[in-house]
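S.K.: Here is my input; please provide its structure:
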Amino acid sequence: MKKILLLALLLISMTMSAQVNVSRIDPTDWYVGMKDPSLQLMVYGKDIRSANVSTDYPGVSIDSLVRLDSPNYLLVYLNLKGAQPGTMKLTFTNNGKKKTVGYELKQRAMAGADHKGFSNADVLYLLMPDRFANGNPKNDVVKGMRTQVCDRTQPSLRHGGDLEGIRQHLDYFNQLGVTALWFTPILENDSPDQGGFSTYHGYATTDYYRVDPRFGTNKEYAELIREAHAHGLKVVMDMIFNHCGFEHPWVADMPSKDWFNTPEWLFEKNGNGHDPMTGKANGETKSKYMQTSYKLTPVLDPYASKQDLKETVDGWFVPSMPDLNQRNPHLMRYLIQNSEWWIETADIDGIRMDTYPYADRKAMAGWMKALDKEYPNFNTVGETWVTEPAYTAAWQKDSKLSTMNSYLKTVMDFSFYDKLNQAKHEETDDWWKGFNRIYNSLCYDYLYADPSHVLAFIENHDTDRFLGNGKDSTALRQALALLLTINRIPQLYYGTEVLMNGTKEVTDGNVRKDFPGGFAGDKHNCFTEQGRTKAENAMFNWTLQLLHWRQGNDVIAKGKQTQFIPWKGVYVIARQYNGKAVMTILNGKRSDNTLEVERYKEIIGSATTARDVITGATVDLTKNIQLSPRQTLIIEFGSTADASAQK
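M.R.: Now for the predicted structure:
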């Protein structure tokens, strides 16, 4: 009897092991009618590598099967050129066993060219979902995830903000006057907390096709975007292709030996005992671990050594974020499709790509070229954190400074950020200090293929707040006046309009504080006039006035830009379009000053009066304008200059 039972158990075991295991397929579904009809399916399942695949779905053919190093992945390349929407059946055959899986092919909601991106007519509002507002306390902690902690008293742990909290405040963005929302990453970051630190920031992706459940669901994300569109707001999605989270399934079971850059240290002795926040084991740095140098210059340096370039591109950002190898064509195809899937599925209006130069330059150009072909009117901005305009300009699409076309339409102006944050502490002299720094940065705009596709900012989630630990609203007004009137795509950081401050000297969490009023129990509520202090209302209303004036203003979106070398401490930058002009006038002195009107006659022409765009007051242009210490003045008027030269 015992032998019969053992034989039965053995047969059951053999039958189970012979089953075809398909545990997951990425992408979860796809769309017909794409310009590129090819589709890569990444199939996950124990021993799935050896399976064969077939389908009889009309208009679909299987181009190839790619069997990776791990036995638990299979790549299926399909051609959907003649396919119509419906459920395609895929039959997997392995060792005489079969499994049929349904896979949905969907109709696109619109043609690729109809997806319109953000532009310099927009103002982006950057926020961190975890820190903005908690609209659904029930998802603060999600059963089964690797951390069960939500603690607002700790600056580097999760605080509970979510997509529902953002949705509940769409009217606030309309009231303020911004036109586009950029959320830091909302994809799943299922990583454990480490020593008081968590991945609340979203930059350690563990699933490229799933919204983090603590923020909401894929459906809720798509619904939020639809509602944002109904409010006249665009939504920009933050993506990270340079690295993923340590808990991504690819790390525990690498699809191929070259899926990551320099993963050798993971296989060293005691490899499972590493500290993912330090890269150390038993107090010693792993001998084979290579961290990026964070120096981006080798990527473009014509004299760069191979060692320096390797450290920049192949080194890991931090030990908890494995560095993806974009030179692997199958990985890169996966990432390209992921971008297309989110554009089609959620109808996002743009992408912000994190750590852009850290990834392989050629592969990222291929990603951008593919997106540009499929979505010619879409827009993507890449984070290029070097403070020299020549470096940034070389990354822009069609740049003459680079031997390789990046196809990246928009780059980030770290030079403007850097120079402005120096200038705010200085008096504007006759040469280099104060607003001379801005003048000397903008004068290099000839390096850009398209200066109107450069994103400018005065702060973001990775920098100190512009206000530092203070509340100098005078300097902030000058910064915002420049940001919102120069030829750039401007980006604001959440809470700046209500004087939120903080520095990174202790932790990044101190520049990512909760928006006051976004969480239950907040005694301070900056979402309402009644809840804001007098100083906060003054800053909010000033910003609101400028933002609403900017909306639909062709002089700002399309106008010719003229800047004047700071003269006796006064910096003037002007925009002109179709017979109208705007002058942004900044007193860079901490004392009374005078704008000598005659010096700016080429802009003023025969105009005798102007309108203060903030107060609505009339400004007399027939005499010099007296300026108070650090005064900001933005005026608009009709110009007699040749309109054809201003277009």
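
S.K.: For burial, what's the neighbour tally of Asp620?
M.R.: 11 (other C-beta atoms under 10 Å). Every C-beta, even on glycine, is put in place using the N, C-alpha and C of the backbone.

S.K.: And for Asn72?
M.R.: Neighbours of Asn72 (other C-beta under 10 Å): 17.

S.K.: repeat for the one 3 residues further on
M.R.: Other residues near Leu75 number 19, with proximity taken as other C-beta under 10 Å.

S.K.: Repeat that for Ser119.
M.R.: Around Ser119 there are 18 residues (other C-beta under 10 Å).

S.K.: So which residues of the stretch 201-350 of the chain form strands?
M.R.: For the stretch 201-350 of the chain, the strands defined by DSSP state E, counting those that start in this stretch occupy 207-211, 234-239, 280-281, 284-285, 350-353.

S.K.: Next, the angle strand 207-211 makes with the second one.
M.R.: Strand 234-239 runs at 140 degrees relative to strand 207-211, counting by axes from the mean of the first three to the mean of the last three C-alpha atoms, to 10 degrees.

S.K.: Okay, now the sheet partners of strand 234-239, with direction.
M.R.: strand 180-183 (parallel), strand 350-353 (parallel) (DSSP bridges).

S.K.: per-residue pLDDT, the residue lying closest to Ile625 once chain neighbours are set aside?
M.R.: Computed as C-beta to C-beta, 6 or more residues apart in numbering, the closest residue to Ile625 that is not its neighbour in sequence is Leu595, at 4.1 Å. Predicted confidence (pLDDT) for Leu595: 98.

S.K.: and what of Leu7?
M.R.: 42.

S.K.: gap between Gln291 and Pro322?
M.R.: 12 Å (C-beta to C-beta, to the nearest Å).

S.K.: Give the intersection of the neighbour lists for the two.
M.R.: Trp316 (C-beta atoms under 8 Å, 6 or more residues apart in numbering).

S.K.: So the two - more neighbours on which side?
M.R.: Legend: neighbour count by other C-beta under 10 Å for Gln291 and Pro322, higher for Pro322 (26 against 15).

S.K.: That one contacts Thr262, doesn't it?
M.R.: No. Contact criterion C-beta atoms under 8 Å: Pro322 and Thr262 do not qualify, at 9.5 Å.

S.K.: Quick check: neighbours shared by those two?
M.R.: Trp316.

S.K.: what's in contact with the helix or strand containing Ile634?
M.R.: Per DSSP states H and E, Ile634 falls inside strand 632-638. The contact list for strand 632-638 (C-beta under 8 Å, 6+ apart) reads 474, 477-478, 481, 485, 546, 555, 579-587, 595, 604, 607, 609-614, 619, 621, 625, 627.

S.K.: With stretch 351-364 instead?
M.R.: By C-beta under 8 Å, 6+ apart, stretch 351-364 touches 182, 185, 203, 236-243, 292, 296, 299, 312-313, 317, 323-327, 332, 339, 371, 378-384, 386, 395, 404, 406, 408.

S.K.: now the helices for the stretch 151-300 of the chain?
M.R.: Remark: helices assigned in the stretch 151-300 of the chain by DSSP state H, counting those that start in this stretch are 163-167, 170-176, 218-230, 249-252.

S.K.: whoops, I mixed them up, the stretch 1-150 of the chain
M.R.: 2-18, 129-132.

S.K.: go on, the stretch 351-500 of the chain?
M.R.: So, for the stretch 351-500 of the chain - with DSSP H, counting those that start in this stretch - the helices run 361-374, 389-394, 414-423, 436-442, 473-483.

S.K.: For those, could you give me CSV that also reports distance to Gly177?
M.R.: Converted to CSV, these look like this (distance: least, C-beta to C-beta, whole Å):
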stretch, distance to Gly177
helix 361-374, 29
helix 389-394, 28
helix 414-423, 21
helix 436-442, 24
helix 473-483, 12
